[in-house]
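In: I need the structure of the sequence given here:
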Amino acid sequence: AGSEYVFNAAQANYTSISFDPNTAGKFVIAYQDAGNSGYGTAVIGTVSGTTISFGSEYVFNSASSSHISVSFDPNNAGKFAVAYRDGGNSNYGTAIVGTVSGTAISFGSEYVFNSALTESTSISFDPNNAGKFVVAYRDGGNSNYGTAVAGTVSGTTISFGSEYVFNSQDSLYISISFDPNTAGKFVITYQDVDNSGYGTAIVGTVSGTTISFGLEYVFNSGSTSYTSMSFDPNTVGKFVVTYRDFSNSSYGTAVVGTISGTTISFGSEY
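Out: The predicted structure follows:
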């Protein structure tokens, strides 16, 4: 590992990072800046060898911002979206488009995707459909159900389809990722609170702004938190989930998942 580099000289919460697939060594970090009233803030980083340099910090929401998630659009160089809970607007689920030029960031307007308390937000762009992404979240306005919505970016404008429930129970620690090898296919992992907190995954399919889901599959039969998942770009239908396994001394654990249609099979836990 190289040296450590500070991107925000204050307490930074709800950090989320995404690389720009179209610009080598360029990434964005979005976070809550506790040193600036908890404002939602973003900064561009550039990697050269093991050195990281950062540009200036840019505020995307001048209010307390939490449950932040950021994702670059693989089909639009320098374009990303941030999803977050807007403490300045009744804690509604909100998204905004950012555009990168060098290390400068400009932001469009804010768009609400859930007019209720929103938590555990996670966003992912579909690499096979330009400007299309899905946000998954815990919907406090609907019994804390696990919910997802498709968004479409045009310039810096975002339009949203209807909301779709993927788990009709309390859902936490949500993470979403698209399969780069299968258009419109993604997986959501989460803690199914009302099923003993088990680690659970489900396949979703997007068509336009309509989302359909397969069955739910348990990957850890124990209380599971802080799930994070990502697909292997070089192997169709293969992903890895990492998580905190309370049923095994809270150890950091990982498991491989494989998709066939909307079916998921899992390997052993490591």
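In: what segments of this protein are helices?
Out: For the chain, applying DSSP state H gives no helices.
In: give me the residue at the spatial middle of it.
Out: residue 122 (2.7 Å; C-alpha atoms, centre = their mean).
In: tell me the bridge partners for that one.
Out: residue 136 (DSSP bridges).
In: where's it relative to residue 74, distance?
Out: Separation of residue 122 from residue 74 (C-beta to C-beta, to the nearest Å): 17 Å. Where you see a C-beta, it was placed from the backbone N, CA and C, and this is true even at glycine.
In: contacting residues for the residue nearest to the centre of the chain?
Out: By C-beta atoms under 8 Å, 6 or more residues apart in numbering, the contact list for residue 122 reads 69, 83, 135-137, 174-176, 188.
In: one more time with 10 Å, if that's ok
Out: 16, 67-69, 71, 83, 134-137, 148, 173-177, 188-190, 227-229 (C-beta atoms under 10 Å, 6 or more residues apart in numbering).
In: check residue 176 too.
Out: Applying C-beta under 10 Å, 6+ apart, the residues contacting residue 176 are 69, 71, 121-124, 133-137, 148, 166, 186-190, 204, 229.
In: in strands, which of the residues you listed fall?
Out: Applying DSSP state E to the contacts of residue 176, the entries found in strands are 69, 71, 121-124, 133-137, 148, 166, 186-190, 204, 229.
In: per-residue pLDDT, residue 259?
Out: Predicted confidence (pLDDT) for residue 259: 97.
In: my read is that it contacts residue 182, right?
Out: Yes: using C-beta atoms under 10 Å, residue 259 is in contact with residue 182, at 7.8 Å.
In: where do the contact lists of these two overlap?
Out: Between them, residue 259 and residue 182 share the contacting residues 203, 231, 236-237, judged by C-beta under 10 Å, 6+ apart.
In: quick one, phi psi at the closest residue in space to residue 48 that isn't next to it in sequence?
Out: Closest residue in space to residue 48, ignoring its immediate chain neighbours: residue 25 at 6.5 Å, by C-beta to C-beta, 6 or more residues apart in numbering. The phi/psi pair for residue 25 (degrees, to the nearest 10) reads phi 80, psi 10.
In: distance check, residue 25 against residue 69.
Out: Residue 25 is 22 Å from residue 69, by C-beta to C-beta.
In: between these two, which is the more surrounded one?
Out: In this view residue 25 and residue 69 are compared by other C-beta atoms under 10 Å, and residue 69 has more residues nearby, 25 against 13.
In: in contact with the more buried one, which residues?
Out: Residue 69 makes contacts with 14, 16-18, 30, 81-84, 95, 120-124, 135-137, 174-176, as judged by C-beta under 10 Å, 6+ apart.
In: before we move on, back to that, quickly check the shared contacts of residue 259 and residue 182 for the two that are furthest apart.
Out: 203 and 236 (13.3 Å; C-beta to C-beta).
In: and for those two, which residues touch both?
Out: 179, 182, 185, 259.
In: give the contact list for residue 71.
Out: 16-19, 28, 30, 80-83, 122-125, 133-135, 176-178.
In: buried subset of those?
Out: 16, 18-19, 28, 30, 80-83, 122-125, 133-135, 176-178 (16 or more other C-beta atoms under 10 Å).
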